[in-house]
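> give me coordinates for this.
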Amino acid sequence: MKALNMNSPNRFIQRMVIFLIITILICCLLFSSLISAFLTNPYINGLIFCVLATGIFIVTRQVLTLKPEIIWVEAYKRNKMKGLTSSVSTSKLNLLAPMASMLEEHKGRFSISSLAMRSLLDSLNLRLDETREISRYLIGLLVFLGLLGTFWGLLITIDSVGTVITSLGIGDDDSTAMFLKLKEGLKEPLNGMGTAFSSSLFGLSGSLILGFLDLQASQAQNQFYNDVEEWLSSMSLIAVNKTGSGNESKIQEDGVPVYVQALLEQTAESVDSLQKILGRGEDERRNLANNIANLTQQMSEVADQIKNNQKEFKKISDKPMDVSPIANLFKDNVTGIDDATKDHIRSMDISIKRLVEDSNQSNKQLISELRSEIKLLAKTISAAVDNNKKR
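Below you'll find the model as predicted:
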């Protein structure tokens, strides 16, 4: 199956950057006029600029957060194509976090059900809509702040015009003084008009800027959603089955009846469990082989030690203790000892000789038995190791 590559959101980021650069250049050309309009009501206009800066940051972040998601999908597809079972890091995922956990449970399978695919796509679409809601709210907030400044300026204008009209007297004969009073009174309505038009200008312009950036972010997210949908569709099997009544076609999930699909899902889960059990059995077999190897080495050391002891016992058996010189020495040097004592000493000499001979025979028999037991144990261990290697 041909691998589907995820599209990068870089071209949308480039559009956003170019648009912001053009906007900044226009603002630089109209800097003096914009400063004058801004100073007519710095509080509302400053709030509009703060909301605009926050919206630009949030919308740009929405596009940049797609990159870790795309990198994860590409890494997952590469591991699947290479047959690797190692998990891909999901620490930086936000939009695809539920999908990552679900695909981790389906590791080792070649496809997922259509129902699971729809569930994953619905979850992804819901998360994308949640990220768009903030930017849409900020666009509406910019329009609201612009209208708020407009109506605030109109209220100031209407109140000021009423004050000017009231201050003008009909009986004033001096037209110059009346004209100066009218001139002074019109300053406040003009300031109100400036507040109204400047707030409307900045609010609508900010909503226009943020709306274009949100449009690019929405296109990037839609492209990401479509790529994920195509990728999941490549792992979901759908077949068209003809009905018996006519030429109508009916699409069944995975191309099989529901009970067969459930059976296949259960079989796949059983295969996954079997793979895990076989993996644990392989680890236990390796540990057992290592333990047997260590035991064989230890038994070899014990056999070497027994051989050394056998050599020592053989040296002792080759040089039996001879007590006859000692008995002769006693016999020659003893004086004044009666015959009974001599007979007793003679019997002790004979008993000591028998004891030495019995000791030598017992040592030889013990060494022979130990050697036989060690040979039998070594053969048993060797047979066990051979059986494990054959398996």
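> can you list the weak-confidence ranges in the stretch 1-150 of the chain?
1-4, 80-92, 102-113 (pLDDT under 70).
> Three-state assignment for residue 6, please.
Of the three states, residue 6 takes coil according to DSSP: H, G, I helix; E, B strand; the rest coil.
> I should have written residue 93 there, sorry.
Residue 93 ends up coil, using three-state DSSP.
> what about it, how many residues close to it?
19 (other CB atoms under 10 Å). All C-beta atoms are positioned from the backbone trio N, CA, C, and that covers glycine.
> these two touch, right, it and residue 70?
No: the pair residue 93 / residue 70 is not scored as a contact, 10.9 Å apart, by CB atoms under 8 Å.
> same for the helix or strand hosting residue 135, what does it pack against?
Applying DSSP states H and E as the criterion places residue 135 in helix 114-167. Judged by 3 or more CB pairs under 8 Å, 6 or more residues apart in numbering; DSSP states H and E, the packing partners of helix 114-167 are helix 42-64, helix 97-105, helix 175-185, helix 187-234.
> and these: which comes nearest residue 136?
Comparison of the helices and strands packed on helix 114-167 against residue 136 by CB to CB identifies helix 187-234 as nearest, at 7.0 Å.
> now do that closest one: which elements does it pack against?
Helix 187-234 sits against helix 10-29, helix 31-39, helix 42-64, helix 66-82, helix 114-167, with contacts defined as 3+ CB pairs under 8 Å, 6+ apart.
> distance to residue 228 and mean neighbour count added to the ones you listed, as TSV?
Shown next, in TSV, are the helices and strands packed on helix 187-234 (distance: least, CB to CB, whole Å; neighbours: other CB atoms under 10 Å):
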stretch	distance to residue 228	mean neighbour count
helix 10-29	16	13
helix 31-39	43	13
helix 42-64	16	17
helix 66-82	7	17
helix 114-167	6	16
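> any chance of those in a markdown table, plus distance to residue 101?
Formatted as a markdown table, these follow (distance: least, CB to CB, whole Å):
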| stretch | distance to residue 101 |
| --- | --- |
| helix 10-29 | 28 |
| helix 31-39 | 50 |
| helix 42-64 | 23 |
| helix 66-82 | 12 |
| helix 114-167 | 10 |
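> break this structure into its domains for me.
Per automatic domain parsing, the domain ranges recorded for the chain read 10-253, 274-390.
> and the shortest one, average pLDDT?
For domain 274-390, the mean pLDDT works out to 64.
> how close does residue 114 sit to residue 222?
22 Å (CB to CB, to the nearest Å).
> and the angle from the helix holding residue 135 to helix 66-82?
170 degrees (axes from the mean of the first three to the mean of the last three CA atoms, to 10 degrees).
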